[in-house]
Structures are given as C-alpha cells and as structure tokens.
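Peer 1: Next one to model:
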Amino acid sequence: MRILWVSDHPAATSGYSVQTALTAPRLARAGLADVAILASYGQQGHQSEFDGIPVYPGGHDAFAQDVIPDTARQFGADLVITLKDSFVYKPETFKGLRWCPLVPVDHDP
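Peer 2: Purely as a prediction, here's the structure:
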C-alpha cells in the first residue's frame, strides 16, 4: 500500500506539522505502507525529504488542491489522507482517489 499524507510540512511550526512529524514516520516504520508527504504549508517549489520520507511541495492553492491529484498519481497512492479540517476541500479534488480525511477535534465544546 502507498499512502500520500497531505498536511503541513513536518518541520514547520503548526499543530498539523507536529502531528505530521509524529504520525507519518510511524506509518512508514510500521512497514505496512510506503508513505509520502504533500506539504500544503511549509514547502514550495521543490521536493525534499523528512526522516526518509519524500516530501512533495504544495501548489498555489492554500490546501494543495491543485496538486493533490497529480501528486497522488505520480506517487502511485492507494490512499490519500488529509490532516486538515475536511470542509476546506472540494470533493472533486479527490475524484478517482481513495480519500480519508483525518479531522482534528481540538476544542471543547
């Protein structure tokens, strides 16, 4: 299985970055899937690597919706996991892709 994790760059300074830095390497080390990160925030214009995981740059859209489909196909993703509020995404972005929105709940009530 190949997972494309879409969120903030793991070395940026947001809560999403911290969760990405903790979760994506664990998924990769578990050996259940090849993992790549698409950084919708914190990296533009070049591909890099974080903890042995390829990191693709975001696009012009604030949530990388303009590059998610092509990046998922290029990577050969079986599953796209987004770690952001799901309401920011247009469903048509994920047409033909398996999408799993991971939605943070960070307040009470």
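
Peer 1: can you give me the offset of stretch 51-64 from its chain's centre?
Peer 2: Put simply, stretch 51-64 sits 7 Å off its chain's centre (CA atoms, centre = their mean, to the nearest Å).

Peer 1: ok, residue 54 touching residue 46?
Peer 2: No. Contact criterion CB atoms under 8 Å: residue 54 and residue 46 do not qualify, at 11.6 Å. All C-beta atoms are positioned from the backbone trio N, CA, C, and that covers glycine.

Peer 1: The longest strand belonging to the chain pairs with which strands?
Peer 2: Counting residues, the longest strand found in the chain (DSSP state E) is strand 34-44. In the sheet, strand 34-44 lines up against strand 2-8 (parallel), strand 53-58 (parallel) (DSSP bridges).

Peer 1: looking at the ones you listed, which is buried most?
Peer 2: For the strands paired with strand 34-44, the stretch with the most neighbours on average is strand 2-8, a mean of 24; neighbours defined as mean count of other CB atoms under 10 Å.

Peer 1: quick one: average pLDDT of it?
Peer 2: What strand 2-8 shows for mean pLDDT is 98.
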